[in-house]
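Trainee: Pasting the sequence and the predicted model now:
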Amino acid sequence: MNMSARAAMAAIAVMLGLLDAAAAPPATTIAVIKAWARATPPKADVGVVYMTITNQGTTADRLESLSSPVAGSAMAHQTTMKNGVMAMTAISGGLVIPPHASVVLKPFHKHIMLEGLKTPLQAGSSFPLNMTFRHAGKIVVTVSVTGMGAMQAPAAGAGK
């Protein structure tokens, strides 16, 4: 093989490498930690999930949809207090995660509402939650279930 043929082959290899790199999906800038839920009574048809979502990127991202095989539907909610009355409402337009920031979903604040539970959530168990972000795409997290009255995530290793 002559020198010009080798140079042409090398150029083609470099171009194919660049095309392959361009086609690769971007690394996600969203991290989800400490996803947990409280156990539910036997006949409850709703449950709640809490977690911390961190955006390590330079632009805001938005949690646009949620689903889980344990419930008919899942959506981001927030708890508000008005005239001494507590209310839970859906977060219109999705949950925004600012750049270089964390959003903490916790009791009596922002949370994920599971509606139409197919079976009760049992302490010590876990289940998947599918989260779709505008930029980061789909992320599947494992939600650990703790006791009914819990106010924080179960200890490390619980629900595994």
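Mentor: It's in.
Trainee: What are the phi and psi values at Leu95?
Mentor: Reported as degrees, to the nearest 10, the phi and psi values for Leu95 are phi -90, psi 120.
Trainee: Would you agree it is in contact with Ala76?
Mentor: Yes - between Leu95 and Ala76 there is a contact at 4.3 Å, judged by C-beta atoms under 8 Å. C-beta: built from backbone N, CA, C; applies to glycine.
Trainee: Need the residues touching each of those two.
Mentor: Both Leu95 and Ala76 are in contact with 63, 110, where contact means C-beta atoms under 8 Å, 6 or more residues apart in numbering.
Trainee: Could you tell me what pLDDT the model assigned to Ala158?
Mentor: For Ala158, the model assigns a pLDDT of 46.
Trainee: Let me fix that, I meant to ask about Ala23.
Mentor: Ala23 is assigned 45 on the pLDDT scale.
Trainee: next one: stretch 56-69 to chain centre, how far?
Mentor: 6 Å (C-alpha atoms, centre = their mean, to the nearest Å).
Trainee: Could you check which of Leu95 and Ala76 is surrounded by more residues?
Mentor: Comparing Leu95 with Ala76 by other C-beta atoms under 10 Å, the one with more neighbours is Ala76, at 24 against 21.
Trainee: Pretty sure that one sits against Glu64.
Mentor: No - look at Ala76 against Glu64 with C-beta under 8 Å: they stay out of range, at 9.4 Å.
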